[in-house]
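Chemist: this is the structure alone, sequence omitted:
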């Protein structure tokens, strides 16, 4: 079993909360990612948007491009998906040229994940019929991405229309095989789902993994009728493996049992003033490396 370790830049600079690391340079992020032992990164707002611009940045630090977020709106898009395909074209080209494993698709139609004044409880809810119709369009968009040379990995996410285990189960039921799954233990735990059962039910669809941990007491103390997703981030809901409530040794064993191989990306949006990114990158790398090794993975890079 092969594993590659990557990290997301959100620990250094948060695109939704510019006050968190807004002045931190891309070079600091890349250098500290490398120094912590990671072999790859995901993209963020400060990354160049072309291969010609990004490749030399990554090469300078010996890093690969693992993946990166795409703010999709297929849920509300016209059936022809023409505008959605146009919006994704440059990112698909960048990812194909730099060998990214997948496009991390997050459904942002109607999202409240980036709205400080929108409580968690106000997120969009879909009926099974709505998810069924959405699944058909999402499958066609995923097939388009695959034809462009970049598989789609769907990211279930707090404060979006596909947040809970129930939402994800229905989406997997009503999408075709072109829609891969980006498994995120932290978001699923936050959504009160069973992080191991999700792997049992959908392990064969998992094409990318975000290793995000949560602080149990912070999540338990949230008022979801009053507080937003961004409020939760600022209170410290998320952290890296080795510093939170999730048993990543069990998660990695279950992923190995499911046959998953590929990127494991540490991702934890935190206030860098309270959780220094370089320090927490090291904590995450050590904890995840230990969990993967114990599960029988050989870590590459």
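Modeler: That came through fine. Since this is a predicted model, take the numbers as computed values, not measurements.

Chemist: quick check: which element contains the spatially most distant residue from the centre of the chain?
Modeler: Distance from the C-alpha centroid of the chain, by CA atoms, centre = their mean, peaks at residue 80 (26.7 Å). Following DSSP states H and E, there is no helix or strand that holds residue 80.

Chemist: which strand residues bridge the most centrally placed residue in the chain?
Modeler: Centroid-nearest residue in the chain, with CA atoms, centre = their mean: residue 210, separated by 5.1 Å. When assigned by DSSP bridges, residue 210 has beta-bridge partners residue 184, residue 265.

Chemist: residue boundaries of the strands in the stretch 51-200 of the chain?
Modeler: All strands of the stretch 51-200 of the chain, identified by DSSP state E, counting those that start in this stretch, fall at 64-67, 69-72, 103-107, 152-155, 179-184.

Chemist: the first one - contacts with which helices or strands?
Modeler: Just to be clear, that refers to strand 64-67. strand 2-7, strand 40-42, helix 51-60, strand 262-266 (3 or more CB pairs under 8 Å, 6 or more residues apart in numbering; DSSP states H and E). C-beta here means a position set from N, CA and C on the backbone, and glycine is covered the same way.

Chemist: turn these into JSON lines, including mean neighbour count and distance to residue 219.
Modeler: Output for those, formatted as JSON lines (neighbours: other CB atoms under 10 Å; distance: least, CB to CB, whole Å):
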{"stretch": "strand 2-7", "mean neighbour count": "23", "distance to residue 219": "22"}
{"stretch": "strand 40-42", "mean neighbour count": "25", "distance to residue 219": "23"}
{"stretch": "helix 51-60", "mean neighbour count": "14", "distance to residue 219": "34"}
{"stretch": "strand 262-266", "mean neighbour count": "26", "distance to residue 219": "19"}
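
Chemist: in JSON lines: these, plus distance to residue 91.
Modeler: Shown next, in JSON lines, are the helices and strands packed on strand 64-67 (distance: least, CB to CB, whole Å):
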{"stretch": "strand 2-7", "distance to residue 91": "17"}
{"stretch": "strand 40-42", "distance to residue 91": "12"}
{"stretch": "helix 51-60", "distance to residue 91": "11"}
{"stretch": "strand 262-266", "distance to residue 91": "17"}
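
Chemist: all strands for the stretch 201-301 of the chain, in order.
Modeler: Here the stretch 201-301 of the chain has its strands, by DSSP E, counting those that start in this stretch, at 206-211, 213-214, 238-239, 262-266, 298-300.

Chemist: mind giving me the packing neighbours of the first one?
Modeler: When you say that, I think you mean strand 206-211. Looks like strand 206-211 contacts strand 152-155, strand 179-184, helix 185-190, helix 248-257, strand 262-266 (3+ CB pairs under 8 Å, 6+ apart).

Chemist: for residue 17, find the nearest of these.
Modeler: Among the helices and strands packed on strand 206-211, the nearest to residue 17 by CB to CB is helix 185-190 (16.9 Å).

Chemist: off-centre distance for the closest one?
Modeler: When distances are taken as CA atoms, centre = their mean, to the nearest Å, helix 185-190 is centred 11 Å away from the chain's centroid.
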